[in-house]
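Q: Sequence plus the predicted model coming up.
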Amino acid sequence: DGGITQSPKYLFRKEGQNVTLSCEQNLNHDAMYWYRQDPGQGLRLIYYSQIVNDFQKGDIAEGYSVSREKKESFPLTVTSAQKNPTAFYLCASSAQGDIQYFGAGTRLSVL
Amino acid sequence: RKEVEQDPGPFNVPEGATVAFNCTYSNSASQSFFWYRQDCRKEPKLLMSVYSSGNEDGRFTAQLNRASQYISLLIRDSKLSDSATYLCVARLRGFKTIFGAGTRLFVKA
């Protein structure tokens, strides 16, 4: 089945720890995105990538890092510099300039 | 001011009712618009695109008013399964996409 797969579904981070969220797509989409959603708020863009080996900061990139070594994969690392990481993280992909489709998300909590 | 603003609701309506949501956007350079549906603790899913001429998909009708910079979604004959949060989305040129915070709808039996 074609789609976007995010893992894990739930993740717990200890203080001072970096954690990595996985996002894989088999839709052959060039563009991939990471969003953060907090309760009662809209999605906020963390990073996006329009092509392999290139990515750009979104509105709230501080404390996060990404890589785009393969077209299919766009992992997000939440670093220890992100002081308020508890949120619902959503990965999306799109053909260039087209509709975005989302993975099922990862819920990150702090222990 | 938020770039895309929606009434958070909740809208509580009985089954069979007609309900309408409005959304305003601030950036006149916005090129395309969408409504997404998000169920509790799930990912957003595309409901429909919004075209300048207005468009309909079954019980759902979307309208765009560029002069006033607002978008609307009308749901006719509401079903229990329509209960969800509806996200208004505006896309600027290229990649940048702005999501509203959503309007919550509860349809009651």
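A: Everything's here; your move.
Q: Can you read off the pLDDT for the residue nearest the centre of chain A?
A: Nearest to the geometric centre of chain A sits residue A:34, at 3.2 Å (Cα atoms, centre = their mean). What the model reports as pLDDT for residue A:34 is 98.
Q: The host helix or strand of it pairs with which strands, parallel or anti?
A: Using DSSP states H and E, the element containing residue A:34 is strand A:31-37. Take DSSP bridges as the rule and strand A:31-37 pairs in its sheet with strand A:43-51 (antiparallel), strand A:87-94 (antiparallel).
Q: What residues does chain A have near chain B?
A: A:31, A:33, A:35, A:40-43, A:45, A:48, A:50, A:88, A:90, A:97, A:99-105, A:107 (Cβ under 8 Å from any Cβ of the partner chain). C-betas here are computed from N, CA, C, even on glycine.
Q: before we move on, the earlier item: hmm, the residue nearest to the centre of chain A is touching residue A:88, no?
A: No: assessed by Cβ atoms under 8 Å, residue A:34 is found out of contact with residue A:88, at 11.7 Å.
Q: just to revisit the earlier point, would you mind measuring from the residue lying closest to the residue nearest to the centre of chain A once chain neighbours are set aside to chain B?
A: In space, not counting the residues next to it along the chain, residue A:34 is nearest to residue A:46; the distance is 4.3 Å by Cβ to Cβ, 6 or more residues apart in numbering or on different chains. Using Cβ to the nearest Cβ, to the nearest Å, residue A:46 is found at 13 Å from chain B.
Q: Test my guess that residue A:46 contacts residue A:56.
A: No: with contact defined as Cβ under 8 Å, residue A:46 does not reach residue A:56; the gap is 10.6 Å.
Q: So those two - more neighbours on which side?
A: residue A:46 (26 against 12; other Cβ atoms under 10 Å in any protein chain shown).
Q: Tell me how far that one lies from residue B:78.
A: 35 Å (Cβ to Cβ, to the nearest Å).
Q: and what of residue B:103?
A: 13 Å.
Q: Same question for residue A:59.
A: Distance of residue A:59 to residue B:78, computed by Cβ to Cβ: 34 Å.
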